[in-house]
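[1] predicted model, plus sequence, below.
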Amino acid sequence: MRSLNKIFAAAAVAFLSACAGNQDVAETRRYVEPRFDDELKIELAVNKIDIVSEFTPSFTRPNVEHLFPVSIEKAARIWANDRLVAADFDSNRVAEFIIKDASVTEVEEKASQLFYKDNLKYRATLAVVLKISSANGQSQAQTSIEAWRELTMPIDTSIEDKEKYWNEMVYKLLEEFNTQMEENIHQYLNMYVKDSHLIKEY
């Protein structure tokens, strides 16, 4: 009987572990990077597209990008994979999608009035350069963009609510980036966009 109790106890522990594991998976899947694969591809007249990040998280405040459940840097990489396509394999040109900044800073703001709560102010920044170069590395054209958003919340906001607001912040940042970068590409790199009907005069 004692052995049977041990088996039941072991089974209970295994069941609880499985539940915890499933819950962890569910929590991980709650926050996913924004995707843009349902939008038209931007076909560039290049042989290949290199995605490079020059941004290194500091892991020290006021920088808090490492706390976000959705990484701005990873979201930018996914955007490039979703929207940009190399469409001229006979070309000697290369496109570089360079992530310069993907940071988030947190600043505590004291309440301006008595009995009001202090706030936390967040600023998320995504700065990217898209450069077209020849095979020997000579730059032919480029465009850059810096998109940012700010968010303020009470200092005693729960971590669960913080993550929800942070997630919304990243989605809105990438939506703005998506719109602005597409406009920049068609305006400043139109010579390297396949089948582009836009003629930019300088």
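    Received, thanks.
[2] what ranges in the chain fall below the confidence cut-off?
    1-29, 196-202 (pLDDT under 70).
[3] now the strands for it?
    Along the chain, the segments classed as strands by DSSP state E run 42-44, 48-53, 84-86, 94-101, 104-109, 119-133, 139-154.
[4] tabulate these (a markdown table), appending mean neighbour count and distance to residue 73.
    From N, CA and C alone the C-beta is placed, and that goes for glycine too. Listed next are the strands of the chain as a markdown table, based on neighbours: other C-beta atoms under 10 Å; distance: least, C-beta to C-beta, whole Å:
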| stretch | mean neighbour count | distance to residue 73 |
| --- | --- | --- |
| strand 42-44 | 20 | 20 |
| strand 48-53 | 15 | 6 |
| strand 84-86 | 17 | 16 |
| strand 94-101 | 20 | 6 |
| strand 104-109 | 15 | 11 |
| strand 119-133 | 20 | 8 |
| strand 139-154 | 15 | 13 |
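[5] TSV for those strands, including distance to residue 69?
    Output for those, formatted as TSV (distance: least, C-beta to C-beta, whole Å):
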stretch	distance to residue 69
strand 42-44	28
strand 48-53	19
strand 84-86	25
strand 94-101	19
strand 104-109	12
strand 119-133	13
strand 139-154	14
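[6] and residue 193, how close does it get to residue 140?
    13 Å (C-beta to C-beta, to the nearest Å).
[7] ok, residue 162 next?
    44 Å.
[8] the strands of the chain: which one's closest to residue 171?
    Nearest of the strands of the chain to residue 171, taken as C-beta to C-beta: strand 139-154 at 9.8 Å.
[9] that closest one pairs with which strands?
    Neighbouring strands of strand 139-154 in its sheet, by DSSP bridges, are strand 119-133 (antiparallel).
[10] for the partner strand, list the C-alpha coordinates in PDB.
    As requested, the backbone C-alpha atoms of strand 119-133 are provided in PDB (Å, rounded to 0.1, in the frame of the first residue of the first chain):
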ATOM      1  CA  ASN A 119       4.900  57.500 -13.000                       C
ATOM      2  CA  LEU A 120       7.300  55.500 -15.100                       C
ATOM      3  CA  LYS A 121       7.900  56.900 -18.600                       C
ATOM      4  CA  TYR A 122       9.200  54.600 -21.300                       C
ATOM      5  CA  ARG A 123      10.700  55.600 -24.700                       C
ATOM      6  CA  ALA A 124      11.200  52.900 -27.300                       C
ATOM      7  CA  THR A 125      13.400  53.600 -30.300                       C
ATOM      8  CA  LEU A 126      14.000  51.700 -33.600                       C
ATOM      9  CA  ALA A 127      16.700  53.200 -35.900                       C
ATOM     10  CA  VAL A 128      17.500  51.400 -39.100                       C
ATOM     11  CA  VAL A 129      19.600  52.000 -42.200                       C
ATOM     12  CA  LEU A 130      18.800  50.300 -45.500                       C
ATOM     13  CA  LYS A 131      21.800  50.500 -47.800                       C
ATOM     14  CA  ILE A 132      22.400  49.300 -51.400                       C
ATOM     15  CA  SER A 133      26.100  48.600 -52.200                       C
END
